[in-house]
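Peer 1: the following comprises the amino acid sequence and a computationally predicted model.
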Amino acid sequence: MYLSDSDLVNNGFGQLPTPERLRLTPPEQLTRPPWPGPSLQPAADQLRIEPSLQPGGPQLRPPARPTNPTRLHPGLLPNTQQLEMPAQETITGFASEASALTNPQLARVNSIARGIGNSRVGTAPITSVRVTGRIDYFERGANLGRRRAIAVRDALIAALGPELTSRIQWIIEDRGRSGRQVDIYFGSGRDIPPGPPTTRRSPSIDLRVGPWMVPPWDKLDRELRQPSPRTQFNQTPQRTPEHLGQSPTPSSAPSAAPSPRAGRRPPNPLDARARAIIAAASDPATGIYGRAVATVWSILRTYYPAETGKVSWVIYSENQPGLLTARLGTGASARGGITVGRYFLEHTTEPFFARRVLQVGHELRHIDQYRAGMIGHDRQPEREFLAHCWAIFAGERPGTGRMNHSTRVSIIDAALGNLNCLSSALRARYAKEEEMLRAIRTREQAASGRPATLPPTACIGSH
């Protein structure tokens, strides 16, 4: 509306228009901006006339519904709803109960990847990609929506390449039953530094006996049957020839029976390298995405330098509880891509650093297993059992601290839970490993000082 000076009266609270002098703005002036620049007023054909609640006749009001309505879905709080913005890209055409991508879908994903790459030359590069999987009301596959989202994410990563992939935060969601499709949302914000180059050649491995297998049994037998050097108050533990990798002599072999605290191990204080990684992981000057990715790369380069070439990329996914490795390729040249989440980063601290280092090594064992042909969903329990065995038998890396006894018991229980998923014939092949794990578990649980618990007896899959 427009007013002249004569339309204003002073009632003691400032200049207000008198109701009887209010007039409608002529329609030809509705789209004319009162200042230079684009008009913020709706077009005349989008307005409707309603009876006025004030004297002076009818009023023009904008339409009640937006031209591009959003969808409502359950909110994060109980009994609430929130708006779901439309996706920037959508992948459709999934077969019923399937998550594999067809050739037309792969072509569409490659086109989307080119768009993400082209955004790097602009002023608002894409730094986050949220991939949400959906299923229809007739599908019953477990985690099918999430598996579809992961399939699209992996195809995007393969098309983008490792350097660009490491600069993007990846978020995976399962949106439930609303259609057989995958929606993709993009975000731009703080740039993430790239990971290190991955042009280093991977070392060759013996495919007959992979490095995930356990150390020689005679050494493990001696470690279980003989107590570790006991540390008295204010004393330094003795280093026996056995701890130095030499054969024990009759004079140096302990003759006393193991004590209830025989699980006590010599200290392994954090060195400068470990403290530097821990400090960088908690540095608020760097965003959480960059810190998480850099932490995994730092552990790889510091404690597994000869195996860094096995990893093609490291990406961040907020809700990933630990680490997850995707297989890239097959055969002896297969590599892996590691997904890291908030939990891993926030627990990269002094008390848990030894566990984080072994966690990265656990994922490297999976890549070795892929190279040896141990692939497929049906062999996942076997892969997890062997990787957990490696973490227990290999022990903490020098200068990374010690895992507490209860943590070691939890890792052993995870190994035994996966072992329970194997067939009787396959489980019999690992009878020696099972025997050793149970013996170590008894020792570690006694050393922890916590109430005794039973090892798992049912199939409990884990990663």
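Peer 2: Arrived safely, thanks for sending.
Peer 1: since we're on S423, how many residues are nearby?
Peer 2: 9 (other C-beta atoms under 10 Å). Using the backbone N, CA and C atoms, a C-beta is placed for each residue, glycine as well.
Peer 1: what of G117?
Peer 2: 15.
Peer 1: tell me which helix or strand it sits in.
Peer 2: Using DSSP states H and E, G117 sits within helix 103-118.
Peer 1: check the gap between K432 and Y185 for me.
Peer 2: 50 Å (C-beta to C-beta, to the nearest Å).
Peer 1: how many residues are close by R147?
Peer 2: Count around R147 with other C-beta under 10 Å applied: 17.
Peer 1: cool, V121 as well?
Peer 2: 7.
Peer 1: swap in P381?
Peer 2: 22.
Peer 1: with L328 instead?
Peer 2: Neighbours of L328 (other C-beta under 10 Å): 20.
Peer 1: for it, what are its contacts?
Peer 2: 158, 312, 334-337 (C-beta atoms under 8 Å, 6 or more residues apart in numbering).
Peer 1: dump the residue contacts of the closest residue to it other than its chain neighbours.
Peer 2: Of all residues not flanking L328 in the chain, R335 sits nearest, at 4.7 Å (C-beta to C-beta, 6 or more residues apart in numbering). Neighbouring residues of R335 by C-beta under 8 Å, 6+ apart: 202, 309-312, 328-329, 367.
Peer 1: buried by neighbour count, from the residues you listed: which ones?
Peer 2: Burial by neighbour count, 16 or more other C-beta atoms under 10 Å: within the contacts of R335 this picks out 202, 310-312, 328, 367.
Peer 1: show me where the protein has helices.
Peer 2: Along the chain, counting by DSSP state H, helices occupy 103-118, 144-160, 162-165, 217-225, 272-281, 288-303, 342-346, 353-371, 380-394, 405-419, 424-429, 431-448.
Peer 1: out of the ones you listed, which is closest to S128?
Peer 2: helix 288-303 (7.9 Å; C-beta to C-beta).
Peer 1: by how many degrees do that closest one and helix 272-281 diverge?
Peer 2: 170 degrees (axes from the mean of the first three to the mean of the last three C-alpha atoms, to 10 degrees).
Peer 1: contact partners of helix 288-303?
Peer 2: 127-128, 166, 169, 192-193, 195-196, 273, 277, 280-283, 286, 307-308, 311, 314-316, 323, 338, 340-342, 344-345, 348, 356-357, 360-361, 397, 400.
Peer 1: stretch 362-381 now?
Peer 2: With C-beta under 8 Å, 6+ apart as the criterion, stretch 362-381 contacts 205, 207, 210-212, 304, 307, 310-311, 323-325, 327, 330-336, 338, 382-383, 386-388, 390-391, 418-419, 421-422, 459, 461, 463.
Peer 1: make it 7 Å
Peer 2: 205, 207, 210-212, 304, 307, 310, 323, 325, 327, 331-332, 334-336, 338, 382-383, 386-387, 390-391, 418, 421-422, 461 (C-beta atoms under 7 Å, 6 or more residues apart in numbering).
Peer 1: could you tell me how many residues sit around I277?
Peer 2: With other C-beta under 10 Å as criterion, I277 counts 22.
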